[in-house]
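**Student:** Starting from these lines, generate the structure:
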Amino acid sequence: MGSYFYTESYASQLPNFLASEVGLIQRSVLVSDSGVSADSEGRKFVKAGTVLPSNDANAKGILFETVEVTHGSKLGSLIVAGRIHGNRLHTAAASAAQTPLKASGIVFEDCTAVTR
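**Tutor:** Residues are numbered from 1 along each chain as shown. Here you go, the predicted structure:
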């Protein structure tokens, strides 16, 4: 008898916001569930491309992947250096957040739309 795998995607998919993997540096971070609203199914997600811990002068990095925090804080991966398509982030980095992010090694680029 064969194996059966069931997967279901709850988080919406955004275009890739990484401009390049060259120079990419990530650190582990505890992604907090405070202030995160539940979706229609009662699940809480902090989406990839979110500036953490806040989108202001306290910014430390950009969340690499979507993290489910329905049952409390979880570990995630925080980008602290690398090339990022700023116009593809889940929420655009505020100008106050860009200063510390650029100082840590994040380079923001704008990606042109691809039409086929």
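**Student:** so where do the strands sit in the protein?
**Tutor:** For the chain, applying DSSP state E gives strands covering 18-31, 45-46, 51-52, 61-63, 67-68, 74-85, 106-109.
**Student:** of those, which approaches residue 97 most closely?
**Tutor:** The closest approach between residue 97 and any of these, judged by CB to CB, belongs to strand 51-52 at 5.1 Å. Heads up, the C-betas are built off the backbone N, CA and C, glycines and all.
**Student:** Test my guess that residue 25 contacts residue 82.
**Tutor:** Yes: the pair residue 25 / residue 82 is scored as a contact, 6.4 Å apart, by CB atoms under 8 Å.
**Student:** Okay, now the unreliable bits of this structure?
**Tutor:** Flagging of the chain using pLDDT under 70 yields the residue ranges 1-14, 114-116.
**Student:** go again using 50 as the cut-off
**Tutor:** Low-confidence segments of the chain (pLDDT under 50): 11.
**Student:** who has more neighbours, residue 25 and residue 82?
**Tutor:** residue 82 (21 against 13; other CB atoms under 10 Å).
**Student:** who touches that one in this structure?
**Tutor:** 18, 19, 20, 21, 22, 23, 24, 25, 105, 106, 107 (CB atoms under 8 Å, 6 or more residues apart in numbering).
**Student:** which residues sit in contact with the third one?
**Tutor:** The reference is to residue 20. 82, 83.
**Student:** What's the separation between it and residue 47?
**Tutor:** 21 Å (CB to CB, to the nearest Å).
**Student:** ok, back up a step: list residues touching both of residue 25 and residue 82?
**Tutor:** Contact criterion CB under 8 Å, 6+ apart; residues shared by residue 25 and residue 82: residue 105.
**Student:** what about the nearest residue to residue 85 once chain neighbours are set aside, neighbour count?
**Tutor:** Nearest residue to residue 85 in three dimensions, chain neighbours excluded: residue 111, at 4.0 Å (CB to CB, 6 or more residues apart in numbering). Using other CB under 10 Å, residue 111 is surrounded by 14 other residues.
**Student:** Good, we can wrap up now.
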